[in-house]
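In: Could you work out the structure for the sequence below:
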Amino acid sequence: MDANEILDYCLAKKGVTESFPFDNETLVMKVGTKIFLLMSLERQPLSINVKTDPEWSLELREKYLQITGAFHMNKTHWNSVSVDGLKRDLILKMIDQSYDLVFKSLTKKAKEEILSV
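Out: Numbers count the residues shown, from 1 in each chain. Coordinates of the predicted model:
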């Protein structure tokens, strides 16, 4: 997958916005006001940070060399994923879980606002 495919996939989800709050190369995807994906547009191979269930995080890190604890983030919940060599379905599943986990953590009001659009 490339950056544009990941961007398009994320933006197709309800309530998602994109921004560059940290620098000009780290694209941040949020649902509501909370981050669910970061993507370095300058780094090659392409890398993303996603939130995953802690147990699944451990399993992923054991199985795939491309998946490690995310730098500068809570490594229990966040993974850094080098997308090269990983199946598209796995990448999409990680993005979906990240979005879902973050969406669930939003306030009831924020969830309702997103779902009503």
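In: so after the helix ranked longest in the chain, what's the next helix or strand?
Out: If you go by DSSP state H, the chain has its longest helix at helix 88-104. Sequence-wise, the next helix or strand downstream of helix 88-104 (DSSP states H and E) is helix 108-115.
In: Report the distance from that following helix to the chain centre.
Out: 20 Å (C-alpha atoms, centre = their mean, to the nearest Å).
In: which parts of it are buried?
Out: 110-111, 114 (16 or more other C-beta atoms under 10 Å). Bear in mind the C-beta positions are built from the backbone N, C-alpha and C, glycine included.
In: just stretch 64-80 next, same as before
Out: 66-70, 77-80.
In: quick one on the thing from earlier: let me know the angle separating the longest helix of the chain from helix 108-115.
Out: Going by axes from the mean of the first three to the mean of the last three C-alpha atoms, to 10 degrees, helix 88-104 is angled at 130 degrees with respect to helix 108-115.
In: coming back round to it: closest one of the buried residues of helix 108-115 to residue 16?
Out: For the buried residues of helix 108-115, the minimum distance to residue 16 (C-beta to C-beta) is 9.0 Å, reached by residue 114.
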